[in-house]
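Enquirer: Build me a structure from this.
(2 chains)
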Amino acid sequence: MAALVALGLAFPLVGHRLEDSVNGLSLGYRFDWVAIGVAAVFFGRLTIGLLGGVPRIAAFDRLKGLRMDWLGWVLAAIAIALPFLPFADRNLIDKATLVLIYVMLGWGLNVVVGLAGLLDLGYVAFYAVGAYSYALLSLYFDLSFWVCLPLAGLFAAGFGVLLGFPVLRLRGDYLAIVTLGFGEIIRVILLNWQSFTGGPNGITSIARPSFFGLVFSADPPEGRMAFHQALGIDYSSLHRVMFLYFLILALALLTNFVTLRLRRLPIGRAWEALREDEIACRALGINPTTTKLSAFAIGAMFGGFAGSFFATRQGFVSPESFTFIESAIVLAIVVLGGMGSQIGVVVAALLLIGLPEWFRDLQLYRMLVFGLAMVAIMLWRPRGLLSHRDPTILLSEMKR
Amino acid sequence: MAYFLQQLVNGVALGAIYGLIAIGYTMVYGIIGMINFAHGEIFMIGAFLSLIALLLIAALGISNVPLALALTLLFAMAFAALYGWTVERLAYRPLRGSQRLAPLISAIGMSIVLQNTVQLLQGARVKPLQPVITGGLVLMEGDGFVVRLSYLQIIIMLLTLALMIGFTWLIHNTTLGRAQRATEQDMTMAALVGIDVDRTISATFVMGAALAAVAGLMVTLYYGVVDFYIGFHAGVKAFTAAVLGGIGSLPGAMLGGLLIGLIEAFWSGYFTIEYKDVAAFAILILVLIFRPTGLLGRPEIEKV
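Expert: Here you go, the predicted structure:
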């Protein structure tokens, strides 16, 4: 049965290849591929049938029993120690930095999706606002990274409120499509406002951040001191990579810390209550609009921080970095990690970003594997890798 | 005036295509309440299937254009329907009844998988196709501007109209349609009165995918180019159309599709072509502020 379906699926698309020829298109045939594919599916299905279903992997079930706070500290310790480990080279730190950017984005979005339960498909817009506000501020006003960082956060939060104010009355999926539309609007504007944002070429040569006024370069400009001179060590380009790594680590941990504290505050409680039942919240005197807006603004602010870090790390921003697929990846990290779970975000980011980076040699198959992994993890653990914190009190079966 | 009329014609043809894709979104959303992100990719696969079918039929030596088109249509609909069914079976059915976001993520993953599969199998280059249907009617000549209504546009509009009538009839008058409406209202209750819910949902995906394949064929013929990336953009537009019309409502999806098509055509005709997407989304946001359930959507009754 499965083999028949596979034959049907494979016959047109695998069996034929559109080839460019002199007069337009022609067809190539490769039915041998179809045969191989169908045979593989047939025997695969047979094996699964004989084994009596897909075996459950128990590792993650056990993991649920672990004390999460403990795991968190261990991960943080590993993260801090990473650059000093003997096997850490430039490549590894670069990858770890990338993973950390996504961890931070995931934590930021977690406030919106995981805690407040608002589905946001346009999170990348705030990331873009953060990146571009740093790029533009440093380009036009020559402001340093440290001045721009809070400003970028503020701008992003402002955009969050701007978007949130009119649309937060919408429910669930209407909100999703509006946020998606907003993300696309921001991207299209960035792409077409040539004179201001540089259009598709983006903005190049964005200033690098400094470490308390110490710059990272072999020969510092007049009147500035370079990092290696201040410490009296030899110059190495690795210093900047490590500095960036620690910077994003600090930012990410800050995000985590703030989120964890916010959860304990009345506003955090209100977010979670709102996620569970909006009408009950209203009856209890929680103002849904301001509560949702605050979640939106805070999530957007962290997105903005991550964005300006991204800009300073790349030294280059262009609209291409802010497509919908980025939003989808961040959302996938949050949901796969188990909504509302901070550690889950880290694990999911490691899986989704770290693993494909490892297989970068297989360029073509990377995204395919990424998509398959998304589907597979979701099927295997529908509630996320580490299932999210349920409300403490449950009266009866929850409404779906 | 002539220019206006031309944009109107273009807008309606484009809107018909969006509307056909939007129906797939709206039906799936109506029944299981999920955004089927892979639907845009099904549309893209439909476009590729029709391209392959056209070439295959040409290779078989059938040179009668209407017959060839009809065969292509059937071929694309059948195989796209199979894709729709498989996606539902593999990626969504196991997740039924779990948390709301799980199928959404699975759908996004599925869409990435389909997109990259096609890219790997068919190559990343844009596939051009020589126009199959040429010629058209001249509606009006004035101010040195000729308003053209091509045969292709006529075919698109008529086919869409026929499919719309057919589907409305199917939803309202057949057992399957009744089962679908019942499942939409209450899945548990429908199961209790003896409706095979799983099969009904599968049928919905199959129908949506078949319609998307029709849209895929139309786009292939209309624009003459196909690449593996068209699915995302068309998908977002069509979903916007579905929401604009009021998600879950069939005439709403068609109306939304037409509106989005018209907005795009007029915006690119009178203002700048770059910002046509911005215009479409801005109007969506405006409509949703004043009518949070879309133009034809039923207001949701909240029960405590």
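Enquirer: pLDDT of stretch B:177-189, averaged?
Expert: Averaging pLDDT along stretch B:177-189 yields 83.
Enquirer: Just confirm yes or no for that stretch near chain A.
Expert: No. Applying Cβ under 8 Å from any Cβ of the partner chain, one finds stretch B:177-189 separated from chain A by no less than 10.0 Å. Using the backbone N, CA and C atoms, a C-beta is placed for each residue, glycine as well.
Enquirer: List the buried residues of that stretch.
Expert: By neighbour count with 16 or more other Cβ atoms under 10 Å in any protein chain shown, stretch B:177-189 contains the buried residues B:177, B:179, B:180, B:182, B:183, B:184, B:187.
Enquirer: So which residues on the stretch 151-300 of chain A come close to chain B?
Expert: When proximity is defined by Cβ under 8 Å from any Cβ, the stretch 151-300 of chain A lies next to chain B at A:166-167, A:169-174, A:176-178, A:180-182, A:184-185, A:188-189, A:191-192, A:279-280.
Enquirer: got the contact list for the closest residue to residue A:310 other than its chain neighbours?
Expert: Distances taken as Cβ to Cβ, 6 or more residues apart in numbering or on different chains place residue A:131 nearest to residue A:310, at 5.2 Å, with adjacent residues excluded. Contact partners of residue A:131, counting by Cβ atoms under 8 Å, 6 or more residues apart in numbering or on different chains, are A:152, A:307, A:308, A:310, A:311, A:317, A:321, A:322.
Enquirer: Would you point out the most distant pair within these?
Expert: The largest distance within the contacts of residue A:131, taken as Cβ to Cβ, falls between A:152 and A:321 and amounts to 15.1 Å.
Enquirer: what pLDDT does the residue nearest to residue A:310 get?
Expert: 85.
Enquirer: swap in residue B:226?
Expert: Confidence score, pLDDT, at residue B:226: 79.
Enquirer: For it, give me phi and psi.
Expert: phi -140, psi 130 (degrees, to the nearest 10).
Enquirer: Look up the residues forming beta bridges with it.
Expert: Beta-bridge pairing for residue B:226 (DSSP bridges): residue B:127.
Enquirer: Now do residue B:205 against residue B:39, distance only.
Expert: Using Cβ to Cβ, to the nearest Å, one obtains 9 Å as the distance from residue B:205 to residue B:39.
Enquirer: let me fix that: residue A:198
Expert: Distance of residue A:198 to residue B:39, given as Cβ to Cβ: 34 Å.
Enquirer: Among those two, which residue is more densely surrounded?
Expert: Counted by other Cβ atoms under 10 Å in any protein chain shown, residue A:198 and residue B:39 do not tie: residue B:39 has more neighbours, with 32 against 20.
Enquirer: any chance you could map the helices in chain B?
Expert: With DSSP state H as the criterion, chain B has helices at B:2-32, B:39-60, B:65-87, B:101-122, B:151-173, B:175-185, B:187-192, B:197-223, B:230-245, B:250-270, B:276-290.
Enquirer: cool, the stretch 301-400 of chain A as well?
Expert: With DSSP state H, counting those that start in this stretch as the criterion, the stretch 301-400 of chain A has helices at A:324-337, A:342-349, A:355-358, A:363-380.
Enquirer: weakest of those by average pLDDT?
Expert: helix A:355-358 - the lowest mean pLDDT of these, at a mean of 69.
Enquirer: How many residues are close by the residue nearest to residue A:177 when sequence neighbours are not counted?
Expert: Distances taken as Cβ to Cβ, 6+ apart put residue B:243 closest to residue A:177, at 4.7 Å, once the chain neighbours are dropped. Using other Cβ under 10 Å, residue B:243 is surrounded by 33 other residues.
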